[in-house]
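Novice: the amino acid sequence is not available; the structure is as follows:
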Ligand SMILES: CC(=O)N[C@H]1[C@@H](OP(=O)(O)OP(=O)(O)OC[C@H]2O[C@@H](n3ccc(=O)[nH]c3=O)[C@H](O)[C@@H]2O)O[C@H](CO)[C@@H](O)[C@@H]1O
Ligand SMILES: C=C(OP(=O)(O)O)C(=O)O
């Protein structure tokens with residue numbers, strides 16, 4: 001298992017170009033199964049989760065290459081609608097194959113998806129959405145089989161604005177007969193990106209980015225070339241790292257409008273942020289200020305995927321902050337690890353009370369999930385002394401060589417891999 005070794009205490013400085021968004025690229029790659037032919041997707045980051053998605057697509061019979069940041073897919077040779085359990089279990093996003101395979105083949109067999117242990121993460125909203133479109137679903141243990149000769153447009157109301165369920169239902173409805181309306185849909189930028197990709201192939205969808213999405217089913221889609229949006233969570237991670245190390249960083253290829261809630265929080269903490277087109281500049285010369293209340297909620301509110309990273313900044317802030325996590329019940333696992341580094345954080349149910357300390361100290365810590373791991377890297381960069389972050393494979397799910405990214409900004413960070 002790889003480890004990251006960080007010699008902390010050095011302010012980050014320099015310029016960085018932000019990678020394409022994992023959470024946009026994954027559903028877009030799955031949605032490519034809706035079309036027969038050659039699809040090109042640009043700005044796809046080199047990540048473990050992307051490798052898993054491409055392996056699943058190959059297993060289904062597609063040809064897939066990932067050169068630099070471009071994925072070339074040929075879906076015309078796809079012959080299977082059965083995703084093997086071992087691949088399903090490698091990540092949560094394997095669930096995105098359900099809607100497209102059902103729409104294309106009239107049947108799909110999948111298994112309960114795997115992924116980081118950040119909560120129970122049911123898939124009931126995905127299944128109920130597909131049933132509303134006319135799918136018959138059989139569940140036997142972790143195996144889930146769905147059938148529908150042709151899906152039929154319907155009104156689907158989500159009890160909770162689930163990102164993945166919204167995307168799965170959109171993808172299934174694109175080739176359904178008639179109109180589908182999704183109400184209480186999630187509004188994340190990645191959903192808008194999926195709509196743009198599907199429309200580039202000839203789908204008829206409006207409303208992504210609002211809570212009502214309307215899809216008019218079409219007979220067939222045509223292959224296209226598409227570029228995914230910048231990763232707002234990686235952007236946010238670098239912004240917080242710049243602030244926590246009291247550095248000065250310029251981020252290129254960002255979409256600041258996707259980060260309004262984070263920018264607001266960082267400015268309240270006293271971090272200087274300037275925005276110019278797709279460039280964000282972050283600077284922090286003095287100790288950040290505490291923030292009395294941050295609550296994670298669906299977009300456009302503060303994202304759960306940045307909760308752990310911002311907690312590191314607040315752990316170093318002047319005063320007491322409170323962070324409430326409302327999306328995933330198991331997303332405070334970084335707290336125990338941060339306490340090894342000298343933080344003072346108490347968790348009470350879904351709230352963390354963070355008493356800022358003037359300094360964190362290097363320690364050996366474990367990345368328990370993707371964003372918890374990113375938070376520990378930020379803590380290591382800001383801390384005095386050496387930090388070793390273990391279980392780096394979690395971080396590799398979402399960051400394209402995080403050590404290279406931070407080395408470019410002057411950090412002293414390297415990866416230790418076990419000898420083969
Ligand atoms: C690949 C991707 O885009 N991942 C993101 C996506 O995950 P994901 O799509 O899995 O997140 P959801 O929005 O679906 O989940 C939010 C909440 O709804 C619950 N739920 C979800 C589906 C369902 O059928 N039943 C149910 O109860 C989940 O357990 C969770 O408590 O949105 C999350 C919330 O912004 C982000 O943290 C993830 O980074
Ligand atoms: C939780 C995340 O991703 P996933 O839904 O793929 O587990 C994340 O990106 O922080």
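Specialist: Sure, I can see it. Treat the numbers as computed from the prediction; the structure is a model and nothing was measured. Numbering: from 1, shown residues only. Ligands and ions are numbered 1, 2, ... in the order given.

Novice: for ligand 1, what are the nearby residues on the stretch 101-250 of the chain?
Specialist: Neighbours of ligand 1 within the stretch 101-250 of the chain, by C-beta under 6 Å from any ligand atom: 119-126, 160, 162-165, 186, 190. For the C-beta atoms, the positions are set from N, CA and C on the backbone; glycine is no exception.

Novice: near ligand 2, list only the ones from these.
Specialist: The subset of these within reach of ligand 2, by C-beta under 6 Å from any ligand atom, is empty.

Novice: PyMOL command for the buried members of these?
Specialist: In PyMOL syntax, the buried subset of those is picked out as below (16 or more other C-beta atoms under 10 Å):
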select buried, resi 121+123+125+126+162+163+164+165+186+190
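
Novice: sort out for me which of the residues of the stretch 101-250 of the chain next to ligand 1 are in helices.
Specialist: 124, 125, 126, 163, 164, 165, 190 (DSSP state H).

Novice: if I look at the third one, how far off is residue 86?
Specialist: When C-beta to C-beta, to the nearest Å is applied, the distance between residue 126 and residue 86 equals 21 Å.

Novice: is the residue in the chain sticking out farthest from the centre in a helix, a strand, or coil?
Specialist: Centroid-distance maximum for the chain: residue 149 at 32.4 Å, with C-alpha atoms, centre = their mean. Of the three states, residue 149 takes coil according to DSSP: H, G, I helix; E, B strand; the rest coil.

Novice: residues in the stretch 201-350 of the chain within reach of ligand 2, list them.
Specialist: residue 305.

Novice: cutoff 8 Å now
Specialist: Taking C-beta under 8 Å from any ligand atom, the part of the stretch 201-350 of the chain that reaches ligand 2 is made up of 233, 304, 305, 328.

Novice: name the nearest residue to the first one, ignoring sequence neighbours.
Specialist: So that's residue 233. Excluding its sequence neighbours, the residue lying closest to residue 233 (C-beta to C-beta, 6 or more residues apart in numbering) is residue 305, at 4.6 Å.

Novice: so what's the residue count around that neighbour?
Specialist: The number of residues packed near residue 305 is 23, by other C-beta atoms under 10 Å.

Novice: again, but for residue 69
Specialist: By the criterion of other C-beta under 10 Å, residue 69 has 17 neighbours.

Novice: so who does it touch?
Specialist: Going by C-beta atoms under 8 Å, 6 or more residues apart in numbering, residue 69 touches 19, 20, 42, 43, 44, 45, 46.

Novice: just read off the phi/psi values of it.
Specialist: phi -110, psi 20 (degrees, to the nearest 10).

Novice: and for residue 302?
Specialist: phi -70, psi 130.

Novice: ligand 1 versus that one, what's the distance?
Specialist: 11 Å (C-beta to the nearest ligand atom, to the nearest Å).

Novice: which one is that residue nearest to, not counting chain neighbours?
Specialist: That would be residue 261: by C-beta to C-beta, 6+ apart, it lies 4.5 Å from residue 302.

Novice: just residue 409 next, same as before
Specialist: Closest residue to residue 409 apart from its sequence neighbours, by C-beta to C-beta, 6+ apart: residue 12 at 4.2 Å.

Novice: from what I can see that neighbour touches residue 242, true?
Specialist: Yes: using C-beta atoms under 8 Å, residue 12 is in contact with residue 242, at 5.0 Å.

Novice: double-check that the residue nearest to residue 233 belongs to a strand.
Specialist: No: using three-state DSSP, the assignment for residue 305 is helix, not a strand.

Novice: how near is it to residue 263?
Specialist: Residue 305 is 15 Å from residue 263, by C-beta to C-beta.

Novice: and the pLDDT at the residue in the stretch 151-300 of the chain that ligand 1 sits nearest to?
Specialist: Using C-beta to the nearest ligand atom, residue 164 is the residue of the stretch 151-300 of the chain that sits closest to ligand 1, at 2.8 Å. Residue 164 carries a pLDDT score of 97 in this model.

Novice: how about it: what's its closest non-neighbour residue?
Specialist: residue 95 (6.0 Å).

Novice: tell me how far the one you found lies from ligand 1.
Specialist: For residue 95, the distance to ligand 1 - C-beta to the nearest ligand atom - is 8 Å.

Novice: ok, now which ones touch the nearest residue to residue 223 once chain neighbours are set aside?
Specialist: Nearest in space to residue 223, with sequence neighbours left out and distances taken as C-beta to C-beta, 6+ apart, is residue 37 at 3.7 Å. By C-beta under 8 Å, 6+ apart, the contact set of residue 37 is 74, 75, 76, 222, 223.
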